[in-house]
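Colleague: Build me a model:
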Amino acid sequence: NRFLITAINLFILLFLIGESHSSAIANQEFNVYSKSYISDENRSFLEGQSGLKLYRGLNLFFIEEVNFRRGKDLSLNIELLQSYNDDIAKNEFYRGYLKYRIHKFAIEVGKDNINLGPGEYGLLLSNNVKPYPLILFQTEEPLSFIGQWNVIFIRGWLLEDRLDVSNPEIFALRFTWSPIALLELGVTRTELFGGDGRPGYDIKDYPTLLFGTKDNVPGKFDNDGYGAYDITLNLPADKYFPTVNEAKLYFEDAGTDIQASWQDEDKGKLSFPGFKLLNHAIKIGISISHIKNIFVLEYASTSDDFYIHHKYPVEGYTYKGLSLGYPYGHNMRSIFLKHKHFLGNSSAIEYKLGGYEQPFNNSTEESMRRYYLSFLGSTKIGNYLLEGFTKLEKTDNYNINSLPLPSQTSQLEADDKTFYTIGITVGYKF
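Modeller: Model (predicted):
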């Protein structure tokens, strides 16, 4: 943590020193937003909205965004948040990072979140949670070698008090390779590790941590590790339908455990390709981008061992009570259809129809089934942004925990409920 704070201060100092010798900033923006939501559920959240939680009644959020750019290589982004809900007022440094580009690479230091993998939400890491302190290294432009390559590495600190292990840490590594324009292959690896009372690691331990050779083996490397591969087909629909800009079919398979020839307990047991994912999560979908429309149809499921681990048995693979991966978390299956229609260059309307079941892997238990329909309309008038949002939800066998942790997904009550959420956003760009 000290290293992270020192690195942030150093980047800010370099930025300010640079500005003191430069009379012009290539680009600067200042935006403000006011978001108001009314919900009749005790607690809920908006999927993929960076940890935005709602409580029964009125929820107010005020956001200030400041973006500076010096030349083409150095940028500073700051986002402040004031919130009022559940009779509690908060003022927080919500998001902020310095980003420096070096040739085709970039390093980012600060507080942020990110979505990894194809589709609407990442299976192993998504923007469903609040931004957290991190160091990020990634390619800004593909590297050319028998196709196009991209890489991203994240080292993050999940600073929070938890019921299992407080202040755990996380890393993520992802490679993508596109040998031809029609195909992209990806591999993602994440690990939840450390925390108060758990072993620390020296630099020499990181190869073992990265490859997970001793995951789920008693000892200091027994952590909550995940691996996934994904395949994306870029369909040549534009050849047959000129108004289609892009069409993608994607599939992702993830495991929270693995049998692999490089792991101590599995050496000599596996033939080609030398590994086998266990305790699966899968995602499959299609997205089509049209001149005036975007369609997304996506299905996902996670097993009853996903996002939970014997070293992190209560909160599991979460941050601030929300899933670090797919929004609905542990032991579920989900499907949705989203359609966004553009009305000219400055307005759009969107609906999303879907549902999910949780838990669904244990046939002896009842499941919660939740169905939803949401509408979002937005328009820009000059420097103003206006948005209206409505969501209707019906739940069978409601979970007694409004936002269930991975250890609470089976705590259901024989009660069917309906909920609504209404929201208005007003933004201004200076």
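
Colleague: And the helices in the stretch 151-300 of the chain, which stretches?
Modeller: Listed in chain order, the helices of the stretch 151-300 of the chain (DSSP state H, counting those that start in this stretch) span residues 206-211.

Colleague: pLDDT weak spots in it?
Modeller: Judged by pLDDT under 70, the stretch 151-300 of the chain has its weakly predicted residues at 216, 259-275.

Colleague: now the strands for it?
Modeller: Across the stretch 151-300 of the chain, reading from the start of the chain, the strands by DSSP state E, counting those that start in this stretch fall at 169-180, 183-193, 224-234, 244-260, 275-290, 293-302.

Colleague: Which strands border the last one, and is each parallel or antiparallel?
Modeller: So the one you mean is strand 293-302. For strand 293-302, the paired strands and their directions (DSSP bridges) read strand 275-290 (antiparallel), strand 332-343 (antiparallel).

Colleague: Give me the most central residue, the protein.
Modeller: With distances taken as Cα atoms, centre = their mean, the chain has residue 126 as the residue nearest its mean C-alpha position (1.1 Å).

Colleague: before we move on, the earlier item: identify whichever of the strands paired with strand 293-302 lies nearest to residue 241.
Modeller: strand 275-290 (8.3 Å; Cβ to Cβ). The way it works is simple: take the backbone N, C-alpha and C, and place the C-beta from them, glycine included.

Colleague: Report the backbone C-alpha coordinates of the closest one in PDB.
Modeller: Below are the C-alpha coordinates for strand 275-290, written out as PDB (Å, rounded to 0.1, in the frame of the first residue of the first chain):
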ATOM      1  CA  PHE A 275      -4.900 -29.100 -18.600                       C
ATOM      2  CA  LYS A 276      -8.500 -29.400 -17.800                       C
ATOM      3  CA  LEU A 277     -10.700 -26.700 -16.200                       C
ATOM      4  CA  LEU A 278     -12.900 -27.700 -13.300                       C
ATOM      5  CA  ASN A 279     -15.900 -26.000 -11.500                       C
ATOM      6  CA  HIS A 280     -17.000 -24.100 -14.600                       C
ATOM      7  CA  ALA A 281     -18.500 -20.800 -15.500                       C
ATOM      8  CA  ILE A 282     -19.400 -20.200 -19.100                       C
ATOM      9  CA  LYS A 283     -20.600 -17.300 -21.200                       C
ATOM     10  CA  ILE A 284     -21.900 -17.200 -24.800                       C
ATOM     11  CA  GLY A 285     -23.400 -14.400 -26.700                       C
ATOM     12  CA  ILE A 286     -23.800 -12.500 -29.900                       C
ATOM     13  CA  SER A 287     -23.600  -8.700 -30.500                       C
ATOM     14  CA  ILE A 288     -24.600  -6.900 -33.700                       C
ATOM     15  CA  SER A 289     -23.800  -3.200 -34.300                       C
ATOM     16  CA  HIS A 290     -26.000  -1.600 -37.000                       C
END
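
Colleague: What residues sit buried inside that strand?
Modeller: By neighbour count on 16 or more other Cβ atoms under 10 Å, the buried set for strand 275-290 is 275, 277, 279-285, 287-290.

Colleague: tell me how far the ends of stretch 169-189 are from each other?
Modeller: The separation between the terminal residues of stretch 169-189, taken as Cα to Cα, to the nearest Å, is 14 Å.

Colleague: so how far is that stretch from its chain's centroid?
Modeller: Stretch 169-189 sits 16 Å away from the centroid of its parent chain (Cα atoms, centre = their mean, to the nearest Å).

Colleague: what does stretch 322-338 give?
Modeller: Taking the mean C-alpha point of stretch 322-338 and that of its whole chain, the gap between them comes to 11 Å (Cα atoms, centre = their mean).

Colleague: Next: stretch 226-235.
Modeller: Relative to its chain's centre, stretch 226-235 lies at 16 Å (Cα atoms, centre = their mean).

Colleague: what's it in contact with?
Modeller: For stretch 226-235, the surrounding residues in contact (Cβ atoms under 8 Å, 6 or more residues apart in numbering) are 117-118, 123-124, 181-191, 212, 246-256, 258, 277, 281, 283, 317, 325.

Colleague: isn't the residue nearest to the centre of the chain right next to residue 327, touching?
Modeller: Yes: with contact defined as Cβ atoms under 8 Å, residue 126 reaches residue 327; the gap is 7.0 Å.

Colleague: Spit out the residues that contact those two alike.
Modeller: A shared contact of residue 126 and residue 327, defined by Cβ under 8 Å, 6+ apart, is any residue touching both; here these are residue 48.

Colleague: remind me which residues of the stretch 301-430 of the chain are low pLDDT?
Modeller: In the predicted model, the stretch 301-430 of the chain carries pLDDT under 70 at residues 362-364.

Colleague: Now do the strands in it.
Modeller: With strands called from DSSP E, counting those that start in this stretch, the stretch 301-430 of the chain shows them at 318-319, 322-323, 332-343, 347-358, 368-381, 384-396, 417-429.

Colleague: What is the burial count for residue 42?
Modeller: Burial of residue 42, expressed as a neighbour count using other Cβ atoms under 10 Å, amounts to 14.

Colleague: Contacts only, for it.
Modeller: Contacts were defined as Cβ under 8 Å, 6+ apart; by that measure residue 42 touches 55, 56, 402.

Colleague: let's see 6 Å
Modeller: Remark: with contacts taken as Cβ atoms under 6 Å, 6 or more residues apart in numbering, residue 42 is in contact with 56, 402.

Colleague: Understood, closing this out.
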